[in-house]
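Q: Sequence and predicted structure below; questions after.
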Amino acid sequence: MRLPNKVAIITGAGSGIGRAIAVLFAQEGAKVAVSDIDKDSGRATVDMIKEKGGEAFFVSTDITDPVQVQSMLAEVKKRYKKVDILVNSAGIFLVGNIVDTNEEMWNKIMDINVGGTFLTCKYCIPLMIENGGGSIINIASEAGLTVWKGLIAYCVSKTAVIALTNSIALDFASKNIRANTVCPGTTETPMPLNWAASQPDPEKARRAMEEVRPANRLGKPEEIAYGVLYFASDESPYATGAVLSIDGGATV
Ligand SMILES: NC(=O)c1ccc[n+]([C@@H]2O[C@H](COP(=O)([O-])OP(=O)(O)OC[C@H]3O[C@@H](n4cnc5c(N)ncnc54)[C@H](O)[C@@H]3O)[C@@H](O)[C@H]2O)c1
């Protein structure tokens with residue numbers, strides 16, 4: 001087991017990549033706080049973990065609300081006494097160029113993808129310091145490393161997540177806090193699959209997402225989760241401020 005006795009918070013753990021991380025971390029011995037705005041899917045993740053004999057509980061959180069973020073952290077601290085690992089996987093996707101993107105949608109994606117990650121890190125770091133350190137892993141995207149056509153708000157939000165994570169790495173290395181970014185390529189989760197399904201030719205939309213990368217297929221959530229596990233574990237003590245692409249080669 002790679003995470004024995006670790007306490008991990010995973011935001012967006014009700015679906016997709018966040019769920020795969022929560023399930024893997026529990027298998028590796030972590031006590032997992034499954035955090036999501038969606039109560040049903042969050043509870044379903046906890047059930048999946050418990051069925052496999054793991055330890056987890058659900059904490060409902062809208063990461064854009066500082067009051068909810070602080071009470072989520074207080075609940076985790078009360079239950080498990082500490083926080084070792086924070087993974088920010090909660091996020092939304094938005095298609096559009098600058099003219100198509102209205103102010104409301106721009107503000108919403110910045111609020112969730114950047115603001116939410118800012119808030120969970122901001123309020124979790126003091127708890128980690130109290131405990132002698134910790135590991136933060138933020139999920140950005142291949143769209144945070146290179147810009148993609150017709151995705152301005154999403155690309156800007158994910159580039160900001162990388163900068164935010166690297167700033168934390170720089171500012172808190174002396175407190176034994178590591179902060180690393182994982183940049184998935186398009187992965188088989190509701191996020192891109194629902195978008196493809198909404199297109200006039202869903203099969204063509206899916207093929208386009210596959211063909212843009214040398215691996216010629218989409219990623220699986222578990223394939224992203226193993227990269228996150230590396231940064232969460234004590235096997236990566238020298239890794240901070242790192243940006244790991246797991247994207248089937250899309251950003252070469
Ligand atoms: N799936 C991909 O192709 C892909 C590729 C690159 C990066 N990513 C990133 O990976 C992360 C996870 O994506 P996914 O594919 O698992 O998406 P998903 O839609 O399956 O899951 C996202 C989860 O975030 C939760 N969420 C949304 N807003 C929230 C809020 N305000 N507060 C708390 N929770 C909230 C949702 O309820 C959902 O459970 C996202 O940050 C996404 O941008 C995904």
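A: Received the coordinates, thanks.

Q: which residues are there in the stretch 51-200 of the chain that come within reach of the ligand?
A: 61-64, 89-93, 112, 116, 139, 141, 184, 186-187, 189-192 (C-beta under 6 Å from any ligand atom). (Each C-beta comes from the backbone N, C-alpha and C, glycine too.)

Q: Let's see that with 5 Å instead.
A: 62-64, 89-91, 112, 139, 141, 184, 186-187, 189-192 (C-beta under 5 Å from any ligand atom).

Q: what's the farthest-apart pair in the residues you listed?
A: Asp62 and Thr186 (25.8 Å; C-beta to C-beta).

Q: Those two - which one has more neighbours?
A: When Asp62 is set against Thr186 and neighbours are counted by other C-beta atoms under 10 Å, the residue ahead is Thr186, at 25 against 17.

Q: right, and the more buried one touches Arg217 too?
A: No: checked against C-beta atoms under 8 Å, the pair Thr186 and Arg217 is beyond contact range at 9.5 Å.

Q: Report the set of residues contacting both of the two.
A: Glu210 (C-beta atoms under 8 Å, 6 or more residues apart in numbering).

Q: Surely Asn180 is within a helix?
A: No: counting by DSSP: H, G, I helix; E, B strand; the rest coil, one finds Asn180 to be strand, located in no helix.

Q: neighbours of it, just the number please.
A: Asn180 has 24 nearby residues by other C-beta under 10 Å.

Q: Can I get the buried part of the residues of the stretch 51-200 of the chain next to the ligand as one ChimeraX selection?
A: Here is the ChimeraX command that picks out the buried ones among those, judged by 16 or more other C-beta atoms under 10 Å:
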select :62,63,64,89,90,91,112,139,141,184,186,187,189,191,192
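
Q: Quickly name whichever of the residues of the stretch 51-200 of the chain next to the ligand is closest to the ligand.
A: Of all those, the one sitting nearest the ligand is Gly91; the distance, using C-beta to the nearest ligand atom, is 2.4 Å.

Q: didn't the closest one look like it was pressed against Ala143?
A: No: in this structure, Gly91 is not within contact of Ala143 by C-beta under 8 Å, at 10.9 Å.

Q: what touches both of the two?
A: By C-beta under 8 Å, 6+ apart, no residue touches both Gly91 and Ala143.

Q: Excluding chain neighbours, what is closest to Asn113?
A: Here the nearest residue to Asn113 in space, its sequence neighbours aside, is Ser157; by C-beta to C-beta, 6 or more residues apart in numbering that works out to 3.8 Å.

Q: give the contact list for the one you found.
A: Shown in contact with Ser157 (C-beta under 8 Å, 6+ apart): 91, 109-110, 113-114, 144.

Q: same check, this time on Ala205
A: 195-196, 199.

Q: let's go with 7 Å and repeat that
A: Residues near Ala205 by C-beta atoms under 7 Å, 6 or more residues apart in numbering: 196, 199.

Q: If you average the pLDDT over whichever strand or helix holds it, what comes out?
A: Taking DSSP states H and E as the definition, one finds Ala205 inside helix 202-211. For helix 202-211, the mean pLDDT works out to 97.

Q: So for the helix or strand that that helix is followed by, what gets flagged as buried?
A: As assigned by DSSP H and E, the chain's next helix or strand after helix 202-211 is helix 221-232. For helix 221-232, a neighbour-count test (16+ other C-beta under 10 Å) marks 221, 223-225, 227-232 as buried.

Q: does the ligand sit close to helix 221-232?
A: No: Helix 221-232 lies out of reach of the ligand by C-beta under 5 Å from any ligand atom, never closer than 6.6 Å.
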